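Participant: only the shape, not the letters, is given here:
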């Protein structure tokens, strides 16, 4: 029997409300295996490996690890850091394998979006080349929902549920105020390149008259006059208007609206934010309005996570370990939609080679002709992803989160 | 035995996530009384009485009325509308009593903040003067928590819970990203005149190092250099910094920061929002930052309402009816803190005469010396108000809200 190896796990890119559920899936599954000794987490993603800053997850109690499932953010720290091209510049890769060797690491799990899958792929290729025994598995995560070959990306469903719920709730507020006060409400949500998140607000509505009345997507070129007419018509018809706008809305020339603003008196570029930009336009129509920018609140709102999303986040972490234990490498677990109503899903996997640098776009068939609504086809895709609630425990009125000790592993090497 | 009379109920001012719980308390209690026939709700607050637009709540099912407890916004519509001074201009008051008479209204319940309590007081005085049999009871409501003589204002506790939870959640997100990306996060919350809402974010923290690191209150004059130094020090110390800012933050001269901005190239006043204003300042410090503006999301977030707040909102509605049935008039139910740990509260009442035009300010003892934190005394006051969760039912992944028929009562009078 081969000696037990350690596993490396790290979180990368923008964090989500359920990425720690994937961490939990990895750690709990690894801890049950006779092939894996400890899971060593990278402090701040791949930087933890480069800097030999490894966290010994075996020093945490079982209950703390279990509580990761109800803790948003990245428990071990994340990073926005792209490794250099291994062909042009090998130093970083050499260091990684030096660290892996020093800490007896035989399994590599990297939890992130497209770039992170690419990193995992490069490391798996390098391992083969060096004949270094390392099973490399990428774990999908991104609120942007743009990973290919998977029904959805863990992290997205919970943002979608937050956005749909917030649209419903704020919509009821605006509706009550509209007779004598606020008539238009703009909610800005994430999505620089794709409108998946803004689109998910459509799930707040049952009837044509329900909010959101106008959804602005990066996929649809913004036309000022068409937009203004739609706002005026909606207010005329229903008495109020709720707009959900992607941060990445752009005009015909591809220029972001948030950047289209003028400079201020000091020559500074006017502050970004699509919502305030649209609000000014609406004010000029003589309509009292309010705006909100959800920003990090939307992707950290574990208190209203989708149970479906949470389950999938845990499952891909668990499956990643199972794949690695089966001797597989260079793969990413995927979610496969088995049936839509009722929603049933299963796990599959895809070669990281195919994932790298492919972005899943929102199909044109999901967008209505006028560009302001989501079609029934789109709703059928989105609806299952927000199903189910996973209530969390509260302590003194606020969410009871995992407070990890994050004890570092003794360094063996010189610093990088 | 006196003939049964109808009761008038209406919602006024900015709505909350639990004002409909007060409506539910009124309607359910009135429906059990042999003295009250129907509860007629004013469409859009007092405007419903002026315009004789009354909604027959007896046409709703018991289960729909019960579901008001989990429905944010104002189910019958609210208004921002101040009645004219009855001494200078009697016409509006004459009309009100004409409507009350035409619809056999003997009870008047007005659910709102300071202005609405003033309106209720004036109507109660007028009723006495006219010898019109009308029991007038104001029902407290405001997210601003500025009503006097009551431990807190229904609506506030739920916003406080939302803000504390969001600060905790987004704080975990920023912390994970801070090594290589976002280092500072600004959350803008409501509170134009008082910092109660921003203050409540303090409940997210257990330790000095926990977010929020800086709270900006309207009560403390904003000093740019002091603020910038605090941000830099916090980032230096903890690696990141979370700021919660009241929309009403102002400088020494009392000028709102959100208005202090320059004009743009077209001579337009720069768009408001304290968060983007602060964000620009932080960018100039060379610190990558993100900002969010919660706006209506915070006051409509029924999905994360405080159970304490919800219970109190229902209780003041119920108690208002009980007071009226006991022949009382010109009163407002209040919440009295009986003990702090454990929090126990009971109901009392205050004369509307005393409530009118009195604003409860945040005590100076709640604010730390440097002006950026909330003291333990303040925390002890705030903590109980966010206790408990009231989970709601979901339907297809979104909150299952009451969908009222809102059937109008036949008009008896000419239009106003």
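Facilitator: Structure received. None of these values were measured; they are calculated from a predicted model. Residues are numbered from 1 along each chain as shown, chains lettered A, B, ... in the order given.
Participant: OK, contacts around the residue nearest to residue A:251 when sequence neighbours are not counted?
Facilitator: Ranked by Cβ to Cβ, 6 or more residues apart in numbering or on different chains and with sequence neighbours excluded, the top spatial neighbour of residue A:251 is residue A:222, at 5.1 Å. Every C-beta, even on glycine, is put in place using the N, C-alpha and C of the backbone. Residue A:222 sits next to A:216, A:249-252, A:257 when contact means Cβ atoms under 8 Å, 6 or more residues apart in numbering or on different chains.
Participant: ok, which stretches of chain A are helices?
Facilitator: A:19-31, A:46-50, A:62-67, A:91-102, A:114-130, A:156-177, A:196-200, A:224-238, A:274-284, A:296-300, A:307-325, A:352-355, A:376-382 (DSSP state H).
Participant: pLDDT weak spots in chain A?
Facilitator: A:1-2, A:260-272 (pLDDT under 70).
Participant: same thing but at 90, please
Facilitator: Low-confidence segments of chain A (pLDDT under 90): A:1-3, A:82-90, A:192-193, A:208, A:255-273, A:340-342, A:356-359, A:361, A:391, A:416.
Participant: surely residue A:407 and residue A:59 touch.
Facilitator: Yes: if you go by Cβ atoms under 8 Å, residue A:407 and residue A:59 touch, sitting 4.4 Å apart.
Participant: residue A:129: how many residues sit nearby?
Facilitator: Here the number of neighbours of residue A:129 (other Cβ atoms under 10 Å in any protein chain shown) works out to 10.
Participant: quick one: it from residue A:108, how far?
Facilitator: 15 Å (Cβ to Cβ, to the nearest Å).
Participant: ok, now residue A:331?
Facilitator: As judged by Cβ to Cβ, residue A:331 and residue A:108 stand 12 Å apart.
Participant: quickly list what's touching both of those two.
Facilitator: residue A:137.
Participant: how about the residues of the stretch 301-416 of chain A near chain B?
Facilitator: For the stretch 301-416 of chain A, the residues in contact with chain B (Cβ under 8 Å from any Cβ of the partner chain) are A:301-304, A:306, A:383, A:386-389, A:391, A:394, A:396-399, A:401.
Participant: would you mind checking these for buried ones?
Facilitator: A:301-304, A:306, A:383, A:386-389, A:394, A:397-399, A:401 (16 or more other Cβ atoms under 10 Å in any protein chain shown).
Participant: now the residue positioned nearest the centre of chain A. Its backbone dihedrals?
Facilitator: What sits nearest the mean C-alpha location of chain A, by Cα atoms, centre = their mean, is residue A:143, with 2.2 Å. Dihedral pair for residue A:143: phi -70, psi -20, per degrees, to the nearest 10.
Participant: walk me through the domains of chain A.
Facilitator: The record assigns chain A these domain ranges, following automatic domain parsing: A:5-142+A:306-358+A:391-399, A:156-300.
Participant: for residue B:72, which of those is the nearest?
Facilitator: Closest to residue B:72 of those, according to Cβ to Cβ: domain A:156-300, at 5.0 Å.
Participant: distance to residue B:186 added to the helices of chain A, as CSV?
Facilitator: Converted to CSV, the helices of chain A look like this (distance: least, Cβ to Cβ, whole Å):
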stretch, distance to residue B:186
helix A:19-31, 23
helix A:46-50, 26
helix A:62-67, 28
helix A:91-102, 34
helix A:114-130, 27
helix A:156-177, 19
helix A:196-200, 21
helix A:224-238, 28
helix A:274-284, 14
helix A:296-300, 10
helix A:307-325, 27
helix A:352-355, 35
helix A:376-382, 30
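Participant: relative to residue A:368, which of those helices is closest?
Facilitator: Nearest to residue A:368, of the helices of chain A and by Cβ to Cβ, is helix A:376-382 at 8.6 Å.
Participant: show residues contacting that closest one.
Facilitator: Against helix A:376-382 from outside (Cβ under 8 Å, 6+ apart): A:160, A:199-200, A:202-203, A:340-341, A:362-363, A:365-367, A:374.
Participant: now that helix, how far from the chain's geometric center?
Facilitator: Relative to its chain's centre, helix A:376-382 lies at 20 Å (Cα atoms, centre = their mean, to the nearest Å).
Participant: buried sites along it?
Facilitator: Judged by neighbour count (16+ other Cβ under 10 Å), helix A:376-382 contains these buried residues: A:378-379, A:381-382.
Participant: show me the two of those that sit farthest apart.
Facilitator: Distance extremes for these: the farthest pair is A:379 and A:381 at 7.3 Å, using Cβ to Cβ.
Participant: and residue A:218, what does it touch?
Facilitator: The neighbourhood of residue A:218, defined by Cβ under 8 Å, 6+ apart, consists of A:191-195, A:246, A:248-250.
Participant: with residue A:146 instead?
Facilitator: Residue A:146 touches A:113-114, A:153, A:193-194, A:196, A:359-361, counting by Cβ under 8 Å, 6+ apart.
Participant: out of the residues you listed, which are buried?
Facilitator: A:113-114, A:153, A:194, A:196, A:360.
Participant: out of those, which is nearest to chain B?
Facilitator: Nearest to chain B, judged by Cβ to the nearest Cβ, of those is residue A:113 at 13.6 Å.
Participant: for the closest residue to the closest one other than its chain neighbours, grab phi and psi.
Facilitator: Among residues not flanking residue A:113 along the chain, residue A:142 sits closest, at 3.8 Å (Cβ to Cβ, 6+ apart). Main-chain dihedrals, residue A:142, degrees, to the nearest 10: phi -180, psi 130.
Participant: tell me how many other residues crowd residue A:142.
Facilitator: Counted with other Cβ under 10 Å, residues neighbouring residue A:142 total 26.
Participant: my understanding was that it contacts residue A:158; is that so?
Facilitator: No: assessed by Cβ under 8 Å, residue A:142 is found out of contact with residue A:158, at 11.8 Å.
Participant: can you pull the residues that touch both of the two?
Facilitator: With Cβ under 8 Å, 6+ apart, residue A:142 and residue A:158 have common neighbours residue A:16.
Participant: close enough to count as contact, residue A:135 and residue A:107?
Facilitator: Yes: Residue A:135 lies in contact with residue A:107 (Cβ under 8 Å); the separation is 5.1 Å.
Participant: so those two - more neighbours on which side?
Facilitator: Neighbour totals were compared for residue A:135 and residue A:107, and residue A:107 leads with 28 against 24 (other Cβ under 10 Å).
Participant: partners of the nearest residue to the more buried one once chain neighbours are set aside in the sheet?
Facilitator: Sequence neighbours aside, residue A:7 is the residue nearest to residue A:107 in space, at 3.8 Å (criterion: Cβ to Cβ, 6+ apart). Note on residue A:7: beta-bridge partners residue A:39, residue A:107, judged by DSSP bridges.
Participant: would you mind measuring from residue A:7 to chain B?
Facilitator: The spacing between residue A:7 and chain B, counted by Cβ to the nearest Cβ, to the nearest Å, is 20 Å.
Participant: ok, that residue touching residue A:35?
Facilitator: No: between residue A:7 and residue A:35 there is no contact under Cβ under 8 Å: 9.3 Å.
Participant: on that earlier part again, ok, of the contacts of residue A:218, which come out buried?
Facilitator: Buried members of the contacts of residue A:218, scored by 16+ other Cβ under 10 Å, are A:191, A:194-195, A:246, A:248-250.
Participant: just put those residues in CSV and tack on distance to residue A:100.
Facilitator: Below are the buried ones among the contacts of residue A:218 laid out as CSV (distance: Cβ to Cβ, whole Å):
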residue, distance to residue A:100
A:191, 36
A:194, 35
A:195, 40
A:246, 40
A:248, 38
A:249, 44
A:250, 43
